[in-house]
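Below is the structure, and that's it, no one-letter string:
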């Protein structure tokens, strides 16, 4: 009879012990999960630009509007002929708008009536090509247009030619893999110093990819960079 009375207490005691075991084990696992290291992994490489855009201005002045329009048409044709002679296809050359301003119509410049030339004309071209060497050869040869009285300038004085790298998506997977590998190497060095081992990745945050000129003198060479932040589990 007494044994029957003790049975419920034994069951309760066993249940409490079992619950304590699981609670303790869960706590230890939680503490173990809190052991991690957060590191950054870098991937960086230099790549050649694969697209160049050269926005061009042709400036002309004059007092006879009809004569000025004729000169604009002649110079536009000369510039177009120059680029085709350099090997550019028609699709690579885009002629933009022609703007003519009347200096005497400028109400904010009281001295405009004394200007040597009444009309100022600006004609626009854009050369866009994936053949970077061809464009650089054309840049050097463009001085010959001066002998024909053509003042060829860039719309962007601070950056006459814009060099662009369009192949980022092709190298992204390799760079993310390299950044992850670099981060694990850093984590393993930290783990060795802490007498621990590196486990699985807890979280991973990929940084933004940046594409910048290698330097001011070689904008046709780009530096691509990404920094990823990863958290690795640390094991005993």
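Cool, the structure landed. Just so it is clear, the model here is predicted, and its values are computed rather than measured.

so what's the residue most central in space within the chain bridging to?
In the chain, the centroid-proximal residue (C-alpha atoms, centre = their mean) is residue 211; its distance is 3.5 Å. Bridge pairing for residue 211 (DSSP bridges) gives the partners residue 224.

For it, give me its contacts.
The contact partners of residue 211, taken as C-beta atoms under 8 Å, 6 or more residues apart in numbering, are 165, 168, 222, 223, 224. Heads up, the C-betas are built off the backbone N, CA and C, glycines and all.

Would you mind measuring from it to residue 85?
Plainly put, residue 211 is 33 Å away from residue 85 if you go by C-beta to C-beta, to the nearest Å.

How about residue 77?
The spacing between residue 77 and residue 85, counted by C-beta to C-beta, is 12 Å.

and what of residue 183?
Per C-beta to C-beta, residue 183 is found 53 Å from residue 85.

Looking only at neighbour counts, state which of those two leads.
Between residue 183 and residue 85, residue 183 has the larger neighbour count (other C-beta atoms under 10 Å), namely 25 against 11.

if I pick the more buried one, what's in contact with it?
Residues counted as contacts of residue 183 (C-beta under 8 Å, 6+ apart) are 39, 40, 41, 228, 229, 230, 232.

Please flag which of those residues sit within helices.
Among these, no residue falls in helices (DSSP state H).

Buried subset of the residues you listed as a PyMOL selection?
Burial among those is assessed by 16 or more other C-beta atoms under 10 Å; the matching PyMOL selection reads:
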select buried, resi 39+41+228+230+232
